[in-house]
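Asker: fold the stuff below for me.
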Amino acid sequence: MCRLLYISSQEKFQVKDYLKKFALISKNSKEYQGHGWGCAIWEDDMWKYYKNLNPIWEDSFEKFGETIRLIAHARSAFRDQGISIENNMPFYDENYVFIFNGELSGVRIKEKGRIGAEKIFNFIKRFDKGNIKEAIAKGTEAIKKLTSYIRAMNIIIADKKNAYVYSHFNENPEYFTMHFLQNENMNIVCSEKLDTNKRWRKINNNSLLEF
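Answerer: The predicted structure is shown next:
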């Protein structure tokens, strides 16, 4: 399943420095993560987007500058299907940026979207009455009730100030457990440890955190 990354910082950081690390863990993942990638970079008080259909480890990151927030997604397409740039995450609208990894089967939800992840994004927004954290909590609970089996459902949704990380899985905790690293200046959330720093912590299964 796909690899996820979110970073927020009090001080500007070089995007390329973290994308290089993210590309490396994507390349070395036990599942193939080379069905394209994408990112959202906070610039001039708004998100700017980039997507590429090539594997992330084949791209050059020199074109990116500094930022205080970054979201990135490396794709492992379900059954190697639907490989097109339109299906690359992040998905986004005027308010939110969304990335996902996981696999659901027997989903009894009618929702618009090209692939399952986009349908989950749109479904969660049905519950948004001005508080996206509550919408995620209600939306994911509804999805669990309307789905035969969830291998994993890990979600990061960011707005203009915060990011919300939801993690749920029923197998392979070593692979699906999300991790975070915090210090006084920076929050990093990733689908696995981004580097060898010993301060990485696991995000609990069935949890919803705000960063």
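Asker: flag every buried residue along the worst-scoring helix or strand of the chain on mean pLDDT.
Answerer: One helix or strand of the chain scores below all others by mean pLDDT, DSSP states H and E: helix 173-176, with a mean of 93. Buried residues in helix 173-176, counting neighbours by 16 or more other C-beta atoms under 10 Å, are found at residue 176. Placement of C-beta: from N, CA and C, glycine included.
Asker: try stretch 203-211
Answerer: By neighbour count on 16+ other C-beta under 10 Å, the buried set for stretch 203-211 is 203, 208, 209, 211.
Asker: ok, stretch 39-57 next?
Answerer: Per 16+ other C-beta under 10 Å, stretch 39-57 contains these buried residues: 39, 40, 41, 42, 47, 50, 51, 53, 55, 56, 57.
Asker: could you tell me how far that stretch lies from the centre of the chain?
Answerer: 12 Å (C-alpha atoms, centre = their mean, to the nearest Å).
Asker: same check, this time on stretch 59-71
Answerer: For stretch 59-71 - counting by C-alpha atoms, centre = their mean - the centre lies 16 Å from the chain centre.
Asker: contacts made by it with the rest, please.
Answerer: Contacts to stretch 59-71, defined as C-beta atoms under 8 Å, 6 or more residues apart in numbering, come from residues 5-16, 18-20, 23, 37, 39-43, 47, 50, 52, 90, 97, 99, 156, 158, 163.
Asker: tell me which of those fall in helices.
Answerer: 15, 16, 18, 19, 20, 23 (DSSP state H).
Asker: show me which of those residues is closest to residue 179.
Answerer: residue 18 (14.2 Å; C-beta to C-beta).
Asker: of the buried residues of stretch 39-57, just say which sits nearest to residue 168.
Answerer: residue 40 (22.9 Å).
Asker: pretty sure the closest one sits against residue 88.
Answerer: No - in this structure residue 40 lies outside contact range of residue 88 using C-beta atoms under 8 Å: 11.6 Å.
Asker: ok, and the closest non-adjacent residue to the residue nearest to the spatial centre of the chain?
Answerer: Closest to where the C-alpha atoms of the chain average out (C-alpha atoms, centre = their mean) is residue 99, at 3.3 Å. Leaving aside its chain neighbours, residue 99 sits nearest to residue 73 (4.2 Å; criterion: C-beta to C-beta, 6 or more residues apart in numbering).
Asker: mind listing what the one you found touches?
Answerer: Going by C-beta under 8 Å, 6+ apart, residue 73 touches 2, 3, 4, 5, 37, 38, 39, 88, 89, 90, 99, 100.
Asker: how many residues are close by the closest residue to the third one other than its chain neighbours?
Answerer: Distance criterion C-beta to C-beta, 6+ apart; nearest residue to residue 4, sequence neighbours excluded, is residue 191 at 4.5 Å. Neighbouring residues of residue 191 were enumerated by other C-beta atoms under 10 Å; the total is 29.
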